[in-house]
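Engineer: Generate a structure from the sequence data that follows.
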Amino acid sequence: MSNEIEKSFNDLIKTLKALRGPNGCPWDKAQTHQSLIKCLREESQEVINAIEKQDDENLKEELGDLLLQGFFHALIAEEEKRFTLQDVLDGLNKKLITRHPHVFGDAKASTPEEALAQWKAAKLKERANKNK
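Structural biologist: Predicted coordinates for the structure are as follows:
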């Protein structure tokens, strides 16, 4: 990660923790996973709308709002000692690697369809292993 991205990431986490901290925002501190469902739906739809309109400025803003939702939920879970943002990031990275064996392993995929088939196969294998 570049120093600029790392700084922006760390600054964002500090800001979110301050918003939910003792001297933070009453609205932010009151939020739960359940109370944020409506916001998550709205932000997702706003990203879709910006993509459909091919509006890059709006897309940039709405992607930030959508990212906020993920960070917000991870912070709430961390406060509840359920899991951490680090767990979310590590899980996502592991998923991307295991579901792309044509990039990070010995498999081959030369078309988007072949890549998607490998993603689906890896996902099925993960689910089967979870159910053991």
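Engineer: Show me the helices in the protein, by range?
Structural biologist: Here the chain has its helices, by DSSP state H, at 3-20, 26-30, 37-53, 56-79, 85-98, 101-104, 112-130.
Engineer: Please identify the buried residues of the third one?
Structural biologist: By neighbour count, and taking 16 or more other Cβ atoms under 10 Å as the criterion, the buried residues in helix 37-53 are 40, 43, 46-47, 50. C-beta here means a position set from N, CA and C on the backbone, and glycine is covered the same way.
Engineer: what packs against that helix?
Structural biologist: In terms of contacts (3 or more Cβ pairs under 8 Å, 6 or more residues apart in numbering; DSSP states H and E), helix 37-53 is packed against helix 56-79.
Engineer: can you give me how far the helix it packs on is from the chain middle?
Structural biologist: 8 Å (Cα atoms, centre = their mean, to the nearest Å).
Engineer: same question, stretch 69-84
Structural biologist: 12 Å.
Engineer: tell me the contacts of the residue positioned nearest the centre of the chain?
Structural biologist: Using Cα atoms, centre = their mean, the residue of the chain that lies closest to the mean C-alpha position is residue 70, 5.0 Å off. Neighbouring residues of residue 70 by Cβ atoms under 8 Å, 6 or more residues apart in numbering: residue 88.
Engineer: same check, this time on residue 53
Structural biologist: Taking Cβ under 8 Å, 6+ apart, we find residue 53 in contact with no residue.
Engineer: before we move on, the earlier item: mind putting the helices of the chain in JSON lines, mean pLDDT included?
Structural biologist: Converted to JSON lines, the helices of the chain look like this (pLDDT from 0 to 100):
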{"stretch": "helix 3-20", "mean pLDDT": "95"}
{"stretch": "helix 26-30", "mean pLDDT": "97"}
{"stretch": "helix 37-53", "mean pLDDT": "98"}
{"stretch": "helix 56-79", "mean pLDDT": "97"}
{"stretch": "helix 85-98", "mean pLDDT": "96"}
{"stretch": "helix 101-104", "mean pLDDT": "94"}
{"stretch": "helix 112-130", "mean pLDDT": "92"}
